[in-house]
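Enquirer: Sequence and predicted structure are below.
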Amino acid sequence: MNNICELYSIKNSSKSFSHGGKRISSFKDENNFEPLISIITVVKNGEKFLNETFKSVSNQSFKNWEYIVIDGVSTDKTIDIIKENQNWINYWVSEKDDGIYHAFNKGLSLARGQLIGFVNSDDTLEKNALNILSEYYKKNPDKDFFFGAVKKHWGILHGFKPEKISYSWGFYSSHSTGFFIKKTAAKKVGLYNVKYKYHADYDYFYRMIVKEKLKGIATKKNELFGVFRRGGFSSKIPFRKLLFEEIRIRYDNNQNIFLLIVILIYKIINNFGKFVKNKN
């Protein structure tokens, strides 16, 4: 990481490239009893809620963290907001990317913490989120990843039921704000597969749980990691595109073809109105 530009073959002369932040060589990890936690925020034109996200990170009661911001060349006031906060951001970069999961991979490649998690640019962390995470990390050394309870607009999502993964994606709380993985485990899983444009996190979790057989644990319902705001990236994609990509992810991961047909038919029947809407 001596030359961050070389990592992505970026030339400093590129008009679409800019970066900054503290970029200190040693982080706030002098306390050997506390893990260094890497928090990554991916953003593009997120001026509306970005300050709330930043505030929720900077106000953490747990102090041993680093913050990485990946911007996709925003055209609103996002860059201005980032620069206003760069005195405490460890590293930020603004450059063109190939979508949200490509940006996630950049963040993973830059993270140095023992634990790594994402907080989307319209979501927020609870003040004690990283404290709770640190305690679970120390008390569960055999676990590879952690799912914290997350508040969404209809209530609180919590728990982890890996046995449901073969037929449902509703087996965990949330990817943004709710999911943190050990860096050693993340290296085993690899990067997000960028051929999936909408739900590469599903593929990531499938490889993590089924193929790599990594072990995780969930916090209690009242141990909130954060708030997941309504209207995120996937909510703007037509249902049929999301559904077909979900089935493709299962197919690419060698799930039983007959089970996939059953899942597809069941979801079409139960979401027929969404399925026929905006079919073009």
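Expert: Structure received.

Enquirer: all contacts plus neighbour counts: C-alpha atoms, from now on.
Expert: OK.

Enquirer: Let me see the contact set for Ser134.
Expert: Contacts for Ser134 (C-alpha atoms under 8 Å, 6 or more residues apart in numbering) come out as 34-35.

Enquirer: Quick check: buried residues in the helix or strand where it lies?
Expert: In this assignment (DSSP states H and E), Ser134 forms part of helix 129-139. Residues 129-134, 136-137 are the ones in helix 129-139 that count as buried (16 or more other C-alpha atoms under 10 Å).

Enquirer: Would you list the phi and psi of Ile100?
Expert: Recorded main-chain torsions at Ile100 are phi -60, psi -40, according to degrees, to the nearest 10.

Enquirer: now swap in the one 3 residues further on and tell me
Expert: Taking degrees, to the nearest 10, you get phi -70, psi -40 for the backbone angles of Ala103.

Enquirer: Compute the number of surrounding residues for it.
Expert: 24 (other C-alpha atoms under 10 Å).

Enquirer: so who does it touch?
Expert: By C-alpha under 8 Å, 6+ apart, the neighbours of Ala103 are 42, 70-72, 97.

Enquirer: next one: Ile68
Expert: Counting by C-alpha under 8 Å, 6+ apart, the residues that Ile68 touches are 38-41, 89-92, 107, 110-111.

Enquirer: Surely it is in a helix?
Expert: No. Counting by DSSP: H, G, I helix; E, B strand; the rest coil, Ile68 falls outside a helix, being strand.

Enquirer: if I look at it, how far off is Ile165?
Expert: Distance, Ile68 to Ile165, using C-alpha to C-alpha, to the nearest Å: 30 Å.

Enquirer: do Lys77 as well
Expert: To Ile165, Lys77 is 40 Å away according to C-alpha to C-alpha.

Enquirer: Neighbour count for those two, which is higher?
Expert: Between Lys77 and Ile165, Ile165 has the larger neighbour count (other C-alpha under 10 Å), namely 17 against 13.

Enquirer: Need the buried residues of helix 129-139 in JSON lines (columns: distance to Lys215).
Expert: As requested, those are exported to JSON lines (distance: C-alpha to C-alpha, whole Å):
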{"residue": "Ala129", "distance to Lys215": "21"}
{"residue": "Leu130", "distance to Lys215": "20"}
{"residue": "Asn131", "distance to Lys215": "21"}
{"residue": "Ile132", "distance to Lys215": "18"}
{"residue": "Leu133", "distance to Lys215": "15"}
{"residue": "Ser134", "distance to Lys215": "17"}
{"residue": "Tyr136", "distance to Lys215": "13"}
{"residue": "Tyr137", "distance to Lys215": "12"}
